[in-house]
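In: Quick one, what's the 3D model for this:
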Amino acid sequence: MPWKRILMQRGEPTRRRISALKLNLGNIRRPRIGALFWWTIIIILLGICTILSWTLSIYIFNHPNEPVPYRILTNLNKLPAPEKFKPGNPPSGRFHTPRHLMENNFAGLDAELLAFSNKILLRDYLENFKRTESVIYISGSFTVTKVRELQPDDLFIDGIAISAHLTDFPKASIELILPGATLASDESINPGQSLELTKPFFAALIHVAKPSKELIRFTVLPIVYGQHQIGTTKLILSPPSILNIEGKWPLTSDAES
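Out: Predicted coordinates:
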């Protein structure tokens, strides 16, 4: 019939377009599972690298007292130089005698806790005491037992180290580090000489050692630089420019103390 022929003619282009569309859809490439797998692996690895970089950065900035972070921070100029505190504006803190510290603050500490405390003390010093609320200052009357110049294998590579016993309490001793010390006169500091650590020194505690259960030794360092006087001997102190972070502590041996 004529009308059927007309409908068939009109439907022919539609069928052609549908066939062409099916053909084109068949030519579209389906995503390969292998490519998706490797992209997923790459994204995961990038995420892990990001987390590790943040973790490593936090560790480095929080542990300037460790050898590797210290070298990285100093090479990148991210570790501040020791601040030249003035006598009228030192870090806030309290003065203690070695006997008081031995019988209270450091009584009963085992080797692990003592090592942890020493890390904190050195970190606070390297960061100019920015994190601590109160610096531990040492005061008292001492008798000098040994004087020696600091060497390149010491933690502080330049200056003088003075070993001294507390006059009225022989179980406690100190190691007074005088970085960059130069004598302002021809006089010298000798064993047997009296040593008074008073407020002008602002000798901050940076290390504690226990040679035995009955003995304790405090390493202290004046953080107010300039001219100081020990007895009649005048000397000038300057902050260290850099430390030998892997060097040994400038402590005299137990046999010599």
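
In: what distance separates stretch 44-53 from the centre of its chain?
Out: Here stretch 44-53 shows a centroid-to-chain-centroid distance of 25 Å under the convention CA atoms, centre = their mean, to the nearest Å.

In: Is residue 101 in a helix, a strand, or coil?
Out: Classification of residue 101 using DSSP: H, G, I helix; E, B strand; the rest coil returns helix.

In: Now do the contacts for it.
Out: When contacts are counted by CB atoms under 8 Å, 6 or more residues apart in numbering, residue 101 touches 136, 138, 172, 205, 216, 218. Where you see a C-beta, it was placed from the backbone N, CA and C, and this is true even at glycine.

In: In TSV: the residues you listed, plus pLDDT, distance to residue 161 and neighbour count.
Out: Output for the contacts of residue 101, formatted as TSV (pLDDT from 0 to 100; distance: CB to CB, whole Å; neighbours: other CB atoms under 10 Å):
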residue	pLDDT	distance to residue 161	neighbour count
136	94	19	20
138	93	15	25
172	90	17	22
205	95	15	25
216	91	17	24
218	94	13	23
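
In: With secondary structure added, can I get these in TSV?
Out: Below are the contacts of residue 101 laid out as TSV (three-state DSSP):
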residue	secondary structure
136	strand
138	strand
172	strand
205	strand
216	strand
218	strand
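
In: What is the nearest of those residues to residue 237?
Out: Here the nearest of the contacts of residue 101 to residue 237, counting by CB to CB, is residue 138; it sits at 15.9 Å.

In: for residue 46, helix, strand, or coil?
Out: The three-state label given to residue 46 by three-state DSSP is helix.

In: residues in contact with it?
Out: Taking CB under 8 Å, 6+ apart as the contact definition, residue 46 lies against nothing.
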